[in-house]
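>>> sequence first, then the predicted structure:
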Amino acid sequence: MTKKVDEPSIDQKFALITGYGPFKSFKVNPSYESVRNLQARVFPGLGLDNNEGHQQNEVLVHVMEIPVEYHRVHAIAPTFFNAASSPRFVLHVGASGQLKPAHMVFETRARNGPYMSKDVVGDLPEGNQCFPPEGLGNVGEHTVEEELRVCPKLLAQVVERVQQELDSLGDTPNTPSKSSSEVPTESEEIAKKNDTGDVPDVEQTFEVSKGLWKVGTSTNAGLYLCEYIFYHGMHWAKRRWEVAPPVFFLHVPSVDVEKGHRPQEELNRAIELVVKALCAVC
């Protein structure tokens with residue numbers, strides 16, 4: 001049967017979303033818990049108008065749980081882009097105790113190193129870098145850069161759209177929230193358990209919103225596994241594809257309600273809206 005000109009066609013793409021496994025104080029990591037139920041979900045994508053009419057895109061979500069281990073991330077990351085077609089986008093999600101309740105941030109950049117805090121099995125990456133120092137500038141046929149950044153214009157569009165979606169969750173908390181000073185930070189947890197614990201100076205900027213949940217950007221992903229996978233994701237996306245798919249990293253807050261945070265179920269809904277927004281923008 002011939003498709004009518006005004007009948008929308010369906011073009012299904014895919015997106016890859018990762019969350020981290022157990023990590024120190026996060027015996028159950030809220031990052032993976034917030035994305036695991038999105039496996040095989042289909043979201044409406046960005047529609048395109050062409051000569052044959054309106055093309056309606058769909059985005060099929062693939063979810064992976066990533067161990068908090070440098071060597072495992074280093075080995076797994078290249079496989080993110082082994083598919084025959086480019087993913088619509090890649091979203092890495094990680095948990096951070098630095099964030100206030102109901103706040104999340106997209107990281108703006110990822111550095112090659114130095115990574116000085118040991119992972120959950122007590123290891124550090126070779127040379128304390130994503131790629132060894134002697135490889136900077138050229139490794140085989142691909143360039144290794146000191147720092148990789150997300151496109152500022154695209155990220156601004158994403159953050160704005162995500163905040164619009166989050167505002168639909170309302171602005172009335174069901175439980176009281178403590179101030180951020182009462183919530184232990186991820187870097188403090190690292191410092192307690194590692195002599196090499198790094199306490200990053202994080203610059204965060206949030207969207208103006210009357211809603212409970214807020215999204216913003218951060219200039220420092222912490223030089224731990226979160227930044228490590230973010231760098232690897234952007235690096236391999238650029239190497240594999242002439243037009244690299246966008247790679248994002250989102251830090252989410254704790255879900256420890258006893259310390260004033262929002263519950264896991266609420267974070268799950270917030271992340272679902274984040275993915276919905278990404279599918280609509282990317």
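Arrived safely, thanks for sending. Numbers count the residues shown, from 1 in each chain.

>>> which positions in stretch 218-233 come out as buried?
Of the residues in stretch 218-233, those buried under the neighbour-count criterion (16 or more other Cβ atoms under 10 Å) are 218, 220-233. To be clear about C-beta, it is placed using only N, CA and C from the backbone, and glycine gets the same treatment.

>>> quick one: which of those residues sit in strands?
Ser218 (DSSP state E).

>>> kindly indicate which of the buried residues of stretch 218-233 lies nearest Lys276.
The shortest distance between Lys276 and any of these, using Cβ to Cβ, involves Gly233 and amounts to 20.8 Å.

>>> what's the neighbour count on the nearest residue to the closest one once chain neighbours are set aside?
The spatial neighbour of Gly233 that comes closest, neighbours along the chain excluded (Cβ to Cβ, 6 or more residues apart in numbering), is Val247 at 4.2 Å. Val247 sits with 26 neighbouring residues when counted by other Cβ atoms under 10 Å.

>>> what's the answer for Gly127, then?
Taking other Cβ under 10 Å as the definition, Gly127 ends up with a neighbour count of 15.

>>> circling back to that earlier point, so the residue nearest to Gly233 makes contact with His235?
No - Val247 lies out of contact with His235 (Cβ atoms under 8 Å); the separation is 9.0 Å.

>>> burial count for Glu165?
Glu165 is flanked by 20 other residues according to other Cβ under 10 Å.

>>> need the contact list for it.
Shown in contact with Glu165 (Cβ atoms under 8 Å, 6 or more residues apart in numbering): 273-274, 276-277.

>>> ok, which pair from those residues is furthest apart?
Looking across the contacts of Glu165, with Cβ to Cβ as the criterion, the two at the greatest separation are Val274 and Lys276, at 7.2 Å.

>>> cool, thanks, signing off.
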